[in-house]
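Visitor: my questions are about this predicted structure, shown below with the sequence.
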Number of protein chains: 2
Amino acid sequence: MPRTSASLSIGQVAERTGLSVHTLRFYEKEGLFANPVRRVGGHRVYGESDLEWLYLCTRLRASGMPLPAIREYAALVREGKVTVQARLALLRSHQERVTAQIEELQRCLALVSRKVALYEEQLADDGSDPLWTGSCLSEHERQV
Amino acid sequence: MPRTSASLSIGQVAERTGLSVHTLRFYEKEGLFANPVRRVGGHRVYGESDLEWLYLCTRLRASGMPLPAIREYAALVREGKVTVQARLALLRSHQERVTAQIEELQRCLALVSRKVALYEEQLADDGSDPLWTGSCLSEHERQV
DNA sequence: CTAGGACCTAGAGCCGGCTCTAGGGCAAGC
DNA sequence: GCTTGCCCTAGAGCCGGCTCTAGGTCCTAG
């Protein structure tokens, strides 16, 4: 069983994950670790698998999963194969939330892009034909 | 100039925008209003254009624009046509951030979906063929 | 006249997610 | 032996974005 534990210090892990040392300790305190970090003389020692787990955590965080949910997921992982269904359910619901979020963002983006286009138009008109400047276009705050 | 001011109370606006009365006052205090709300006997009075502006605000918020940025945008709108370029720049940079955010979410989603698939597989195997249960698949925390 | 309801202001409180401080330990190198 | 540097814990602080409270005004209906 090649558990490949390369023995990293908290500082090294911080560097590799992009998380701060503070945040790593904070995550641990918050129960985000599936395999509670081993210690040697009080110092935390991390292995490759911790890096991977942390990477997953960063992706879950980046996609808006709250810490309590990650903690729950970590707890399930810790409990082993019997929790596979629960983990599946948890990830599926996250998947749905992310999908919805992407759609929401796309709708917002469409609106923003529309306004950008209107502003571009306005600038173009403004420059090329002084006759059509001003009042007629004044605010497109409402025709969106 | 049909400025179509339908005279809405703060409560009505709250209802129509989905924002709370608290939040509306808060937004005003934060300077998110281009046309600082008119008052009659101390009470705020909103018009159609305020609804549209607020709608835009909710979309900008929903796409992660921070309040200070919206405030800035509002200030530019207030200053009129001379700020069109600045507004364009502001919206364009937001557009880019949102686009990037969508891409990020899509990458996260891909990862989550991969894990969902792995869990599904694991469940399927588990049910159909007891010989292949267990240790060989135990944790895919790392091959992601 | 009084009760209800919608509104007002100013300011406190809350929540999530970090981020930092204070105060200290230990090990290696000059 | 002392500095440097990385680590430790416990707990405070901060930031963004609301959300709520306290205490008050004003209008309308019963």
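Guide: Thanks, I have it.
Visitor: in its sheet, which strands sit next to the worst-scoring helix or strand of chain A on mean pLDDT, and in what direction?
Guide: The weakest-scoring helix or strand in chain A, judged by mean pLDDT, DSSP states H and E, is strand A:38-40 (a mean of 84). Partners of strand A:38-40 in the sheet, by DSSP bridges, are strand A:43-45 (antiparallel).
Visitor: what about the strand it pairs with, near DNA strand D?
Guide: Yes - using C-beta under 7 Å from any atom of the strand, strand A:43-45 reaches DNA strand D at A:43, A:44. C-betas here are computed from N, CA, C, even on glycine.
Visitor: how about stretch A:75-90: buried residues?
Guide: By neighbour count on 16 or more other C-beta atoms under 10 Å in any protein chain shown, the buried set for stretch A:75-90 is A:76, A:77, A:81, A:83, A:84, A:87, A:88, A:90.
Visitor: need the helices for chain A, in chain order.
Guide: Assigned by DSSP state H, the helices in chain A fall at A:10-17, A:21-29, A:48-62, A:67-79, A:84-128.
Visitor: nearest to residue B:53, of those?
Guide: In terms of C-beta to C-beta, the element of the helices of chain A nearest to residue B:53 is helix A:84-128, at 12.1 Å.
Visitor: does chain B have contacts with the closest one?
Guide: Yes - judged by C-beta under 8 Å from any C-beta of the partner chain, helix A:84-128 comes into contact with chain B at A:84-85, A:87-88, A:91-92, A:94-95, A:98-99, A:101-102, A:104-109, A:111-113, A:115-116, A:119-120, A:122-123, A:126.
Visitor: ok, of the residues you listed, which come out buried?
Guide: For the residues of helix A:84-128 next to chain B, buried by 16+ other C-beta under 10 Å: A:84, A:87-88, A:91-92, A:94-95, A:98, A:101-102, A:105, A:108-109, A:111-112, A:115-116, A:119, A:122, A:126.
Visitor: in chain A, where is pLDDT below threshold?
Guide: For chain A, residues meeting the criterion pLDDT under 70 lie at A:1-5, A:126-144.
Visitor: tell me the residues of it that contact DNA strand C?
Guide: Taking C-beta under 7 Å from any atom of the strand as the contact definition, chain A meets DNA strand C at A:20, A:22, A:23, A:25, A:26, A:41, A:42, A:61, A:66, A:67, A:68.
Visitor: now do 6 Å
Guide: Chain A comes close to DNA strand C at residues A:20, A:22, A:23, A:26, A:61, A:66, A:67, as judged by C-beta under 6 Å from any atom of the strand.
Visitor: list the contacts of the residue most central in space within chain A.
Guide: Against the mean C-alpha coordinate of chain A, by C-alpha atoms, centre = their mean, the closest residue is residue A:62 at 0.4 Å. Contact partners of residue A:62, counting by C-beta atoms under 8 Å, 6 or more residues apart in numbering or on different chains, are B:104, B:105, B:108.
Visitor: residue A:105 too?
Guide: B:62, B:63, B:98, B:101, B:102, B:105.
Visitor: quick check: closest non-adjacent residue to the residue in chain A that DNA strand D sits nearest to.
Guide: Across chain A, no residue is closer to DNA strand D than residue A:11, which sits at 2.6 Å (C-beta to the nearest atom of the strand). Sequence neighbours aside, residue A:21 is the residue nearest to residue A:11 in space, at 6.2 Å (criterion: C-beta to C-beta, 6 or more residues apart in numbering or on different chains).
Visitor: can you check residue A:55 too?
Guide: Residue A:55 sits nearest to residue A:17 (C-beta to C-beta, 6+ apart), 6.7 Å away.
Visitor: that older thread, nearest to residue A:7, of the contacts of residue A:62?
Guide: Checking those one by one against residue A:7 (C-beta to C-beta), the nearest turns out to be residue B:108, at 29.0 Å.
Visitor: tell me the spacing between that closest one and residue A:57.
Guide: Noted for residue B:108: a distance of 11 Å to residue A:57, by C-beta to C-beta, to the nearest Å.
Visitor: and residue A:97, by the same measure?
Guide: When residue A:97 is compared with residue A:57 (using C-beta to C-beta), they lie 17 Å apart.
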